[in-house]
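Undergrad: Dropping a prediction and its sequence here:
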Amino acid sequence: MKIGILNYGGGNISNIKKAFNTIGVSLSVIEKKKDISKFEKIILPGMGSAQHAMKIIKQNKFDISIRDFIKNQNPILGICLGFQLMLNKYEVNKNLKFNCLSIVKGSAKKINSETFKLPLIDWYKIESKNSKNYLKNKMFYFAHQYFCDLDKNDANSTYIKINQNKIVASYVKKNLYLYQFHPELSGDNGLMVLNNFKNL
Amino acid sequence: MNIKKKIIPRLEIKSGNLIKGIRMEGLRVVSKDLKSYIKKYIKMGVKEIFVEDIVASLFNRSIDFETIKLISSHVNIPLSYAGGIKSIQDIHKLFKNGVDKIYINSSLKNDFKLLNEASNIYGSQSVGVLIQTRRIFNNWYIFFESGRIFSNIKTKEWISRSELNEAGEMIICSIMHDGTVNGPDLELIKFINDLDIKIPVIYSGGLRDLSDVKQSIKKNINSVAIAHALHFNKFE
């Protein structure tokens, strides 16, 4: 099976590759847009600044190829920043906003935290309205300060709760597998998430 | 609160060995088998693995990427690193070799350019500062190069400058409590908690056991880094 990981700067490609290696998958790094269609599944990695990542995506015209890839019903895994970039818009602050890939309705916004510290760099327990969701009550590692403010509160999404603030942790729908946390850094729980993506 | 997820094992390394000193001096080899310590800590359920090359800046050595790569191959939780980071090229190479988060100290002596630059590329959640501090009369001061170089910069001022320059996290080490295993530096902890710090703080120095961990985590301090007490099984 061929899974590719998109390189748009940012940090954690090597660790995503390492995590997939432990479950027997060798990822190829995608540097050119024409290569995206060669893969059955692709990964949008996380960590890094959104502005920098979006700039590289636009420069390389990855955006068009990503949209085509998704239209063709191919599975896509978005991790942290890779999830946030799927939204319509990124609001860095009041004066700095830019468009993203517009695949999921919503925008990435700075977490409103009066009672806790940012960035979130910690393990949190996943909550979900859906008792059958396999992520529920498991702990995963988060490292971010912007969150996905989804337009629709989908039953397929999970969240974490910090002092009554709900922050979206995952959004899984059709061929989209989007996680705010880092499965590649979440020990055995994380490997389970990656394994599920592998077995699709 | 899952207390184990507040603990960060701090593995000081030199030439591929696990080492530990007292008050950042008199470094001794704890073990040549780094791997088994890492495995033990991951099994314990800790928050992340923190590797510090404590002599890289002091002896002006380059970063030991081979050891870092080896460590990374055994880690499936976050891996953070400090020691001898001098340039953005060093930082690129660290992330390529499996590090998820870096802490800078000695290279910020003259300016915060490197911190700013790294944070703009990798995001502030992956870039922080390491602070080595000691009280002299009534003020806390910053030290560089493993506590050897006195900077004459007040820690309070340094902390706010770090925040302004996009640090996403800070490890604050008590030089006088490092490796002593005689309990956390309560004066330093009080000093930290009296400040207005917006980013997460990791405290390190002197912790003995779980009750020290619980006592240290409050207000500004989100987690603790522990070396000696973990390496010598004080937590079992």
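TA: Thanks, I have the structure now.
Undergrad: helix, strand or coil for the closest residue to chain A within chain B?
TA: Going by C-beta to the nearest C-beta, chain A is nearest to residue B:125 of chain B, at 4.0 Å. From N, CA and C alone the C-beta is placed, and that goes for glycine too. With DSSP: H, G, I helix; E, B strand; the rest coil as the basis, residue B:125 sits in helix.
Undergrad: if I look at it, how far off is residue A:46?
TA: Remark: distance between residue B:125 and residue A:46 (C-beta to C-beta, to the nearest Å) = 10 Å.
Undergrad: Same check on residue A:117?
TA: 20 Å.
Undergrad: now swap in residue B:105 and tell me
TA: 26 Å.
Undergrad: Tell me if the helix or strand of chain A with the lowest mean pLDDT is near chain B.
TA: Counting by mean pLDDT, DSSP states H and E, chain A has its least confident helix or strand at helix A:50-59, which shows a mean of 91. Yes. Helix A:50-59 reaches chain B (C-beta under 8 Å from any C-beta of the partner chain) through residue A:52.
Undergrad: Just to check, residue B:142 is in contact with residue B:158?
TA: Yes. Between residue B:142 and residue B:158 there is a contact under C-beta atoms under 8 Å: 4.8 Å.
Undergrad: which of the two has more neighbours?
TA: Between residue B:142 and residue B:158, residue B:142 has the larger neighbour count (other C-beta atoms under 10 Å in any protein chain shown), namely 23 against 20.
Undergrad: Can you identify the element that follows the strand or helix carrying the more buried one toward the C-terminus?
TA: Using DSSP states H and E, residue B:142 falls within strand B:139-144. Downstream of strand B:139-144, the first helix or strand assigned by DSSP H and E is strand B:149-154.
Undergrad: Report all helices and strands that that following strand contacts.
TA: strand B:139-144 (3 or more C-beta pairs under 8 Å, 6 or more residues apart in numbering or on different chains; DSSP states H and E).
Undergrad: got the contact list for residue A:180?
TA: For residue A:180, the contact set (C-beta atoms under 8 Å, 6 or more residues apart in numbering or on different chains) comprises A:80, A:83, A:84, A:142, A:144, A:147, A:148, A:167, A:168, A:169, A:170.
Undergrad: Kindly report the same for residue A:105.
TA: A:87, A:88, A:150, A:151, A:152.
Undergrad: do residue A:171 as well
TA: Residue A:171 touches A:83, A:104, A:148, A:150, A:154, A:156, A:157, A:178, counting by C-beta under 8 Å, 6+ apart.
Undergrad: Distance check, the third one against chain B.
TA: Spelled out, it's residue A:148. 15 Å (C-beta to the nearest C-beta, to the nearest Å).
Undergrad: still on that earlier bit, residue B:105 and residue A:46: who's more crowded?
TA: residue A:46 (30 against 23).
Undergrad: since we're on the nearest residue to that one once chain neighbours are set aside, how many residues are nearby?
TA: Closest residue in space to residue A:46, ignoring its immediate chain neighbours: residue A:80 at 2.7 Å, by C-beta to C-beta, 6 or more residues apart in numbering or on different chains. By other C-beta under 10 Å, 30 other residues sit near residue A:80.
Undergrad: My guess is residue A:80 contacts residue A:179. True?
TA: Yes. Residue A:80 lies in contact with residue A:179 (C-beta under 8 Å); the separation is 7.3 Å.
Undergrad: which residues of the chain fall in helices?
TA: Chain wasn't specified; assuming chain A. According to DSSP state H, chain A carries its helices in the segments A:13-22, A:50-59, A:62-71, A:81-84, A:187-198.
Undergrad: oops, I was thinking of chain B
TA: All helices of chain B, identified by DSSP H, fall at B:34-44, B:65-72, B:88-96, B:113-122, B:155-164, B:186-194, B:210-216, B:228-231.
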